[in-house]
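Novice: What follows is a protein structure lacking sequence information:
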């Protein structure tokens with residue numbers, strides 16, 4: 001709940017932390033490569049991309065912006081790994097699965113579109 005609440009409030013950094021906490025819980029308590037891992041990783045990645053964009057606008061240290069971007073890439077890679085094990089079909093199948101969710105995102109739509117570009121590339 002807190003992940004969605006922070007997203008709705010527009011705090012990408014706190015939302016990312018909450019989604020990452022969901023991901024850690026899923027990894028600890030659900031069967032290996034459960035689809036929830038992919039979902040939580042994608043949501044966390046979107047928030048990290050939004051945080052990176054915000055850091056860029058606020059003239060934050062480039063290292064903070066780069067760290068968020070790198071973390072988003074790592075989260076998307078984990079989502080791809082989990083999705084491949086759970087469903088197969090490679091990146092194309094994953095792109096189909098998450099297309100609507102990312103392209104019609106109500107929270108951080110620019111970052112979600114950026115995540116879509118990274119997934120579908």
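Specialist: Okay, I see it. Everything numeric in this text was worked out from a predicted model, so none of it was measured.
Novice: downstream neighbour of the helix or strand of the chain with the lowest mean pLDDT in the secondary structure list?
Specialist: Ranking every helix and strand in the chain by mean pLDDT, DSSP states H and E puts helix 90-103 at the bottom, with a mean of 86. Secondary structure here is assigned by DSSP states H and E; on that basis, the next helix or strand after helix 90-103 toward the C-terminus is helix 109-120.
Novice: which residues are in contact with that following helix?
Specialist: Applying Cβ atoms under 8 Å, 6 or more residues apart in numbering, the external contacts of helix 109-120 come out as 12, 42, 45-47, 49-50, 53, 72-73, 76, 79-80, 91-92, 94-95, 98-99, 101-103, 105. C-betas here are computed from N, CA, C, even on glycine.
Novice: And the lengthiest helix in the chain, what's buried?
Specialist: Once the chain is assigned using DSSP state H, the helix that runs over the most residues is helix 62-87. Taking 16 or more other Cβ atoms under 10 Å as the basis for neighbour counts, the residues of helix 62-87 that come out buried are 64-65, 68-69, 71-72, 75-76, 78-80, 82-84, 86.
Novice: Distance from that helix to the middle of the chain?
Specialist: Distance, stretch centre to chain centre, for helix 62-87: 7 Å (Cα atoms, centre = their mean, to the nearest Å).
Novice: could you say what helices and strands that helix packs with?
Specialist: Using 3 or more Cβ pairs under 8 Å, 6 or more residues apart in numbering; DSSP states H and E as the contact criterion, the secondary-structure elements in contact with helix 62-87 are helix 12-29, helix 35-57, helix 90-103, helix 109-120.
Novice: Appreciated, that's everything.
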